[in-house]
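A.B. asks: need a structure here:
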Amino acid sequence: MANKKKAHLIGICGAGMSAVAWLLVQQGYEVSGSDEGFYPPISDYLIQLNIPCITGYRAANIPEDVSLIVIGKNAKLVEETNEEVRAARSIYLPLVKSFPEVLHDLTADRERVVVAGSYGKSTLTSIITWCLVHAKKDPGYFIGAVPKNLETSSAIGNGPQFIFEGDEYPSANWDERAKFLHYHPQILLLTSATHDHVNIYPTIEDYHAPFVDLMKNLAKEEGLLIACGTEENAAAFYERYSGRKVSYGLNGAHDWKTADISIGAVTSFKLIHDNKEVGLVETTMLGRHNVENILAAAAYLLGERILTVLEFTAAIEAYDGLTRRLDLKSTKTRLPIYEGFGSSYEKARSAITAIRDHYPDRTLSIMFEPHTFTWRNRNALAQYETAFNDTDKVWMYTPPTQGAATHDQLSLEEIISVTTKHHGQVASFGKDNFEDILSIDDPETHVLLILSSGSFDGLLQEVINASEKHFPAS
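C.D. replies: Sure thing, here's the model as predicted:
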């Protein structure tokens, strides 16, 4: 054990970084890491994996005999203000890599399947992965979220495929290339390409530029594009791609589509390929957007004849989704509390629509944190005019100040002012009054949807705990 390789991850509590940490453990590394915040679900996940995380950034955190240093992409992970990053890049520079570079190195001999898009990436990656695991195909995979059906969010696997969640965000603070440009896929699934990450990509043309490069890489590999035909930007990339391609969508003239969708505790629909019924699919996942995600998985797994229809439908029936992706947060309270990953307008809208489909007669309250730059940039103000349509009460948490100087930051007061003009019931909350969210007469006539990509500074779990206390399940 004395010669065991050591890897140290700075910013290890990111979803992607924690997944890479486990891949390195599987490759024989002794892994350590550091971060400033340590919150569920990633903190629980690292504890489960027995991977230590040091709280706070210090040069002394780096093992002297380190073999590899992986630095995450975060505004606080810069040499100017972070002594641990400064030490890594000044003393150990030849050993420093971004996590997409590490993923590229680990998958050199695999068929790379990349799921890319503005939204749906984590869920679709996990659906494909779960279906392969359920059918005992032993894939390698990397998911930037915590799946419920799988023990870990990443694995090396021994099967021919490696399934990536392909993020368009820059690779590192010293590498502006989109993460997915390191992966060079043979198969690309494109869910969407709506404008996101406005602090990095101010215009939609800026945002689309890395997707253009991704398509060029795919064409060089003579790869397959599987794209959503109902999202206009993804459809435009599909039309321009000259290689082998397949389209999917709930409506329209696509290669893969659905019929007879029935929304309920178990949602069912017919799977249609080339206008012929392939099979009946049943799922406990919420929302029509998840039906579309399942459809995309079918286009790859069934279209490429990797699984049989029976293997696919059995896996989908057993699939439970991801943490923070419309998952029920507790069974110990009579108030249903769901969490959606509300990092963008489209993700928030799909989560709200899904909850409305499943709870049409209940009062819907939203607990919202404008965590991402996409929500707290001044260009986002117009989104607040319609973001919370079909909801009854919106509880707003203050936006974080991290990175505020890098863009035109909105204040909580500005956000509430615009939102109130279009949604009468809007209020703020914090550590002193978060229990006001639970000031309702009958929890069985209400539903609470949490929307953020952050943690509300740890208040999320306190709200859940308070609900269990106020409205205990019988």
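A.B. asks: what mean pLDDT does the helix or strand encompassing residue 208 have?
C.D. replies: Per DSSP states H and E: residue 208 is located in helix 204-220. Per-residue pLDDT over helix 204-220 has a mean of 97.
A.B. asks: Quick check: the residue nearest the centre of the chain vs residue 405, distance?
C.D. replies: Among the residues of the chain, the one closest to the centroid is residue 122, at 4.4 Å (CA atoms, centre = their mean). From residue 122 across to residue 405, the span is 29 Å (CB to CB, to the nearest Å). (C-beta placed from N, C-alpha, C; glycine too.)
A.B. asks: Likewise for residue 280?
C.D. replies: 54 Å.
A.B. asks: ok, the two, which is more surrounded?
C.D. replies: Counted by other CB atoms under 10 Å, residue 280 and residue 405 do not tie: residue 280 has more neighbours, with 12 against 8.
A.B. asks: What separation is there between that one and residue 259?
C.D. replies: Computed as CB to CB, the residue 280 to residue 259 distance reads 10 Å.
A.B. asks: Determine the residues that are contacts of both of those two.
C.D. replies: 269, 270 (CB atoms under 8 Å, 6 or more residues apart in numbering).
A.B. asks: related to what we said a few turns ago, so the residue nearest to the centre of the chain touches residue 321, yeah?
C.D. replies: No: contact criterion CB atoms under 8 Å: residue 122 and residue 321 do not qualify, at 10.0 Å.
A.B. asks: and residue 136, what element?
C.D. replies: Per DSSP H and E, there is no helix or strand for residue 136.
A.B. asks: ok now do the closest residue to the residue nearest to the centre of the chain other than its chain neighbours, which residues does it touch?
C.D. replies: Excluding its sequence neighbours, the residue lying closest to residue 122 (CB to CB, 6 or more residues apart in numbering) is residue 145, at 3.9 Å. Taking CB under 8 Å, 6+ apart, we find residue 145 in contact with 15, 122, 123, 126, 153, 165, 322, 323, 324, 325, 341.
A.B. asks: What number of residues are in the vicinity of the nearest residue to residue 438 once chain neighbours are set aside?
C.D. replies: Distance criterion CB to CB, 6+ apart; nearest residue to residue 438, sequence neighbours excluded, is residue 470 at 5.3 Å. Counted by other CB under 10 Å, the residues lying close to residue 470 total 15.
A.B. asks: I'd like the distance from residue 470 to residue 251, if you could.
C.D. replies: Distance from residue 470 to residue 251, by CB to CB: 42 Å.
A.B. asks: hey, C-alpha coordinates of the host helix or strand of residue 300 in CSV?
C.D. replies: Assigned by DSSP H and E, residue 300 falls within helix 288-301. Coordinates of each C-alpha in helix 288-301 appear next as CSV, following Å, rounded to 0.1, in the frame of the first residue of the first chain:
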residue,chain,number,x,y,z
ARG,A,288,-44.1,14.7,-19.5
HIS,A,289,-40.5,15.8,-19.8
ASN,A,290,-39.5,12.5,-18.3
VAL,A,291,-41.6,10.7,-20.8
GLU,A,292,-39.5,12.4,-23.4
ASN,A,293,-36.3,11.4,-21.6
ILE,A,294,-37.4,7.8,-21.6
LEU,A,295,-38.1,8.2,-25.3
ALA,A,296,-34.6,9.4,-26.0
ALA,A,297,-33.2,6.4,-24.1
ALA,A,298,-35.3,4.1,-26.2
ALA,A,299,-34.0,5.7,-29.4
TYR,A,300,-30.5,4.8,-28.4
LEU,A,301,-30.8,1.5,-26.6
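A.B. asks: the strands in the stretch 1-150 of the chain, which residues?
C.D. replies: Secondary structure of the stretch 1-150 of the chain, counting by DSSP state E, counting those that start in this stretch: strands at 6-10, 30-35, 53-55, 68-71, 96-97, 111-116, 140-142.
A.B. asks: Can you classify residue 312 as helix, strand or coil?
C.D. replies: helix (DSSP: H, G, I helix; E, B strand; the rest coil).
A.B. asks: how does the chain divide into domains?
C.D. replies: 6-97, 101-317, 327-470 (automatic domain parsing).
A.B. asks: neighbours of residue 169, just the number please.
C.D. replies: Quick note: residue 169 (other CB under 10 Å) scores 16 neighbours.
A.B. asks: dump the residue contacts of it.
C.D. replies: Contacts for residue 169 were tallied using CB under 8 Å, 6+ apart; they are 73, 178, 179, 197, 200.
A.B. asks: Looking at those residues, which is nearest residue 461?
C.D. replies: residue 73 (26.1 Å; CB to CB).
A.B. asks: how many other residues sit next to residue 414?
C.D. replies: 15.
A.B. asks: Surely it is within a strand?
C.D. replies: No: assigned with three-state DSSP, residue 414 falls outside any strand and is helix.
A.B. asks: show me the contacts for residue 80.
C.D. replies: Going by CB under 8 Å, 6+ apart, residue 80 touches residue 86.
A.B. asks: could you check the distance from it over to residue 89?
C.D. replies: 11 Å.
A.B. asks: just residue 107 next, same as before
C.D. replies: According to CB to CB, residue 107 and residue 89 sit 25 Å apart.
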